[in-house]
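Chemist: Okay, sequence plus prediction incoming.
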There are 2 protein chains.
Amino acid sequence: MSAVPAEQATEPAAAPADRTLRHSISEVSARTGLTTHTLRWYERIGLLDPIDRSHAGRRLYSDRDLERLAFLGRLRLTGMPVADMLRYVELVRAGDHTVEGRRDLLVAHRDEVRQKIADLHATLAVLDRKIDLYSGKKQNT
Amino acid sequence: MSAVPAEQATEPAAAPADRTLRHSISEVSARTGLTTHTLRWYERIGLLDPIDRSHAGRRLYSDRDLERLAFLGRLRLTGMPVADMLRYVELVRAGDHTVEGRRDLLVAHRDEVRQKIADLHATLAVLDRKIDLYSGKKQNT
DNA sequence: TATCGAGTTGGAGTGCACTCCAAGCAAGCA
DNA sequence: TGCTTGCTTGGAGTGCACTCCAACTCGATA
């Protein structure tokens, strides 16, 4: 959202009934694995654009919100700090001229993800060796 | 240390000059990537056995300490909580009869490491796709 | 109509893993 | 002899990412 210009609040009729389904916060929590606390917090700090509300004030997440959350969830899960995620969504919000900055940010994160994978594999080897030793014979450290 | 019994403080002569070299805290910090603060803290909370001291009270890390630290560093780097690391070293300290418990702990961590690798790879795919899109054309989210 | 469950808010609190501080001391060098 | 460097200590402080609380509101059900 907000990267495609001009699509703000109301757009009453004639829409292709795609983005029409709305999801409660508990439903979104169940789907994303984020707690309702975290979902509200993400919105508060600006990671999510203000979520639509029912006339009673309850959040109604769109499918598009879910997509955004799925991506943010991946970034978070792979260790991107919330502050960096915020920088990213602010670039998205700022418009098409920030595409390069966004790419740079994601490329940097990809490098870190690759590094993490390498670290994990190296540790996996160490663990395999140690577990073998523990399984076969008594051994130290 | 402490898994191999009887090797406490002094052992003056005739040793094979292996475990004789001693390292200052700053040297260990440089080698392990842990800050001196963290090294002292690890010792304080019991992750490390009490480190030998010079007559002036300064820490002198043995090669064996470095080995222990290297392994602990790997565990930490791959996301094991410090509390779990502590459980592990306490098992080591407790003696040979805890070998099974140690193995279980490491096996559990290995499972988590594998899960992390899977998550990271999945995210890598998402990042690759998005970066391609950003590199080629303007695109949203 | 009463009450229940699921949601709302701003702000305070928590847990983890460090990280820093202030005061002090010993060794080496000018 | 004095200064600098690198270390020592216990305890306090920090930053991050949530996580919880109290008080409240709405809509649906019995």
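Modeler: Perfect, I can see it now.
Chemist: Would you mind listing the buried residues in stretch A:35-43?
Modeler: For stretch A:35-43, the neighbour count (16 or more other C-beta atoms under 10 Å in any protein chain shown) marks A:39, A:42, A:43 as buried. Just so you know, the C-beta spots here come from the backbone N, C-alpha and C atoms, and that holds for glycine as well.
Chemist: now, which of the residues you listed lie within helices?
Modeler: Among those, the members falling in helices (DSSP state H) are A:39, A:42, A:43.
Chemist: Return the residues in contact with the closest residue to the second one other than its chain neighbours.
Modeler: It stands for residue A:42. Leaving aside its chain neighbours, residue A:42 sits nearest to residue A:48 (5.1 Å; criterion: C-beta to C-beta, 6 or more residues apart in numbering or on different chains). For residue A:48, the contacting residues are A:39, A:42, A:65, A:68, A:69, A:72, A:89, by C-beta atoms under 8 Å, 6 or more residues apart in numbering or on different chains.
Chemist: Then residue A:111?
Modeler: Counted by C-beta under 8 Å, 6+ apart, residue A:111 has zero contacts.
Chemist: just the strands in chain A please.
Modeler: Secondary structure of chain A (DSSP state E): strands located at A:22-23, A:61-62.
Chemist: Among these, which one carries the weakest average confidence?
Modeler: Mean pLDDT is lowest for strand A:22-23 out of the strands of chain A, coming in at a mean of 93.
Chemist: Would you mind giving me the confidence score for residue A:138?
Modeler: In this model, residue A:138 is scored at 49, pLDDT.
Chemist: got it, and residue A:141?
Modeler: Here, the pLDDT recorded for residue A:141 equals 55.
Chemist: How far off centre is the biggest helix by length in chain A?
Modeler: Longest among the helix segments of chain A by residue count, using DSSP H, is helix A:99-136. Computed by C-alpha atoms, centre = their mean, to the nearest Å, the separation of helix A:99-136 from the middle of its chain amounts to 19 Å.
Chemist: do the same with stretch A:62-74
Modeler: Taking C-alpha atoms, centre = their mean, the mean C-alpha location of stretch A:62-74 is offset from the chain mean by 6 Å.
Chemist: That one and chain B in contact?
Modeler: Yes: between stretch A:62-74 and chain B, judged by C-beta under 8 Å from any C-beta of the partner chain, the touching residues are A:67, A:68, A:71, A:74.
Chemist: close to DNA strand D, is stretch A:83-91?
Modeler: Yes: contact of stretch A:83-91 with DNA strand D (C-beta under 7 Å from any atom of the strand) involves residue A:83.
Chemist: Identify all contacting residues around that stretch.
Modeler: By C-beta under 8 Å, 6+ apart, stretch A:83-91 touches A:45-48, A:68, A:72, A:75-76, A:98, A:101-102, A:105-106, A:109.
Chemist: Show me the contact partners of stretch A:99-108.
Modeler: A:84, A:87, A:88, A:91, A:92, B:127, B:130, B:131, B:134, B:135, B:138, B:139.
Chemist: ok, back up a step: how about a markdown table for the contacts of stretch A:83-91, with pLDDT and distance to residue B:113 added?
Modeler: Listed next are the contacts of stretch A:83-91 as a markdown table, based on pLDDT from 0 to 100; distance: C-beta to C-beta, whole Å:
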| residue | pLDDT | distance to residue B:113 |
| --- | --- | --- |
| A:45 | 97 | 31 |
| A:46 | 96 | 33 |
| A:47 | 97 | 28 |
| A:48 | 97 | 31 |
| A:68 | 96 | 29 |
| A:72 | 97 | 24 |
| A:75 | 98 | 20 |
| A:76 | 98 | 19 |
| A:98 | 96 | 36 |
| A:101 | 97 | 33 |
| A:102 | 97 | 30 |
| A:105 | 98 | 27 |
| A:106 | 98 | 24 |
| A:109 | 98 | 20 |
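Chemist: Nothing else from me, thank you.
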